[in-house]
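Peer 1: structure, please.
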Amino acid sequence: MHILLLADANSIHTQKWAIYLSNNAVKVSIFSLQAPKNDLFNNTNIKVFSPNKDIHKKILYPLALPLLKKITSQIKPDIVHAHYASSYGLLGALLHFRPFIISVWGSDVFEFPKLNLINKLILKYNLKNADLITSTSVIMAQETQIYTDKSIKVIPFGVDTNIFHPLYTKKIFSSDEIIIGTIKTLEPKYGIHILIKAFQLVLKKLPNFNLKLLIVGDGSQRKELEQLSQELNIADKVIFYGKIKNSEVPQMLSEIDLFVALSVEDSESFGVAVVEAMACEKPVVVSDAGGLKEVVVNHKTGIIVEKNNPEAAANAIIDLILNKEKAHLMGREGRLHVLKYYDFKENVQEMINTYKQVLSSYK
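Peer 2: Prediction:
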């Protein structure tokens, strides 16, 4: 079985799908509008195609269609699978290849069609031309359903539980410190400002505890968030660690006692970072934004709080700090939950089975 992925080769999600599919006896090719910026695929059987010049502007995406048609004719895939319903979905729809699958990712259904009528019509056209539509979360499937009458298959984007698991190694921080942490891009929709405000409230209510807030990641809001920490007089308690490699995430999660994700927008389509934390047996506090509330079992694997509510987040954090046994139990239950529903190897196998079902309907 040969799958041609229409997807950004520089996305960690694309890379993960492609490599795991390839490791499971699926021949994988990728057509990307931007050439790979690293050699990740060099020692694999995965072939990556891209235009001679990267295409970044959305209005220029159709210019890649002649090259895509030529490549498709040469490599003769069994299935074309577009990851992202707008850009790559449009290329796939215009390609008129069958069978054709579209996987929605988030902003392509939560934001793109709401910008103007043309975008809405493009999305509807793309989905109409798909033989199958998949989503990583129920909430994103529900949003996609607004633009199509086709059924949507939910296949989660889980984690490799052999990589994401509890680590008991020497830590950067001292044993008497309680580390509240998050690993996220520092952009407005991820609510890092809410986390900082919540942390200030926690410090006020628990003045005798040695608490630190570890913020791992980078983005356009970094200076603004650092300034907020200064204004709230907690800068000495907040650590902006910066961006790390994906391979370093498990080790960084081992430094964190309590993982917090307080996204403020429902375009948070699926909480991969939260699933990674739970796989490492970390208790979590998350907002009720988007797909976050889908991956957490409230008061069993973590605590779900109202988005844009620092007070609610602070109360949940304090609850878990004061109740260590409860926090540890949530961590253990969180990993069991991930093993049952979000083991990426199982998710990949579900995708492979889906490919086989789609192909069988065309025979």
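
Peer 1: show me the domain layout of this structure.
Peer 2: For the chain, automatic domain parsing gives the domain ranges 2-157+344-360, 178-341.

Peer 1: dump those domains to TSV, plus mean pLDDT and distance to His165.
Peer 2: Any C-beta I mention is one placed from the backbone N, CA and C, and that applies to glycine too. Formatted as TSV, the domains of the chain follow (pLDDT from 0 to 100; distance: least, Cβ to Cβ, whole Å):
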stretch	mean pLDDT	distance to His165
domain 2-157+344-360	90	13
domain 178-341	93	6
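
Peer 1: buried deepest among those, which one?
Peer 2: Comparing the domains of the chain by mean neighbour count (mean count of other Cβ atoms under 10 Å), domain 178-341 comes out on top with a mean of 20.

Peer 1: in TSV: the domains of the chain, plus distance to Ile163.
Peer 2: Below are the domains of the chain laid out as TSV (distance: least, Cβ to Cβ, whole Å):
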stretch	distance to Ile163
domain 2-157+344-360	9
domain 178-341	6
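
Peer 1: distance between the ends of stretch 97-117?
Peer 2: Start-to-end span of stretch 97-117 (Cα to Cα, to the nearest Å) is 26 Å.

Peer 1: show me how far it is from its chain's centre.
Peer 2: 16 Å (Cα atoms, centre = their mean, to the nearest Å).

Peer 1: need the helices for the stretch 201-350 of the chain, in chain order.
Peer 2: With helices called from DSSP state H, counting those that start in this stretch, the stretch 201-350 of the chain shows them at 222-231, 249-255, 272-279, 292-295, 310-322, 324-341, 344-360.

Peer 1: please report how far the residue of the chain most remote from its centre lies from Asp176.
Peer 2: Relative to the centre of the chain, the most outlying C-alpha is that of Asn208, 36.0 Å out, by Cα atoms, centre = their mean. According to Cβ to Cβ, to the nearest Å, Asn208 and Asp176 sit 12 Å apart.

Peer 1: give me the common contacts of those two.
Peer 2: Counting by Cβ atoms under 8 Å, 6 or more residues apart in numbering, Asn208 and Asp176 have no common neighbour.

Peer 1: how about the closest residue to Val260 other than its chain neighbours, what does it touch?
Peer 2: Take Val260 and drop its neighbours on the chain: the residue closest to it by Cβ to Cβ, 6 or more residues apart in numbering is Val285, 4.7 Å away. Val285 sits next to Leu258, Phe259, Val260, Ala261, Leu262, Gly302, Ile303, Val305, Ala313, Ala316, Ile317, Leu320 when contact means Cβ under 8 Å, 6+ apart.

Peer 1: can we see that at 7 Å?
Peer 2: Residues in contact with Val285 (Cβ atoms under 7 Å, 6 or more residues apart in numbering) are Leu258, Val260, Gly302, Ile303, Val305, Ala313, Ala316, Ile317.

Peer 1: which of those residues lies closest to Tyr20?
Peer 2: Of all the contacts of Val285, the one with the least separation from Tyr20 (Cβ to Cβ) is Gly302, at 26.2 Å.

Peer 1: check contacts around the residue lying closest to the closest one once chain neighbours are set aside.
Peer 2: In space, and not counting its chain neighbours, Gly302 is closest to Val284: 3.6 Å by Cβ to Cβ, 6+ apart. Val284 is in contact with Phe259, Ala261, Val274, Ala277, Met278, Val296, Thr301, Gly302, Gly334, counting by Cβ under 7 Å, 6+ apart.
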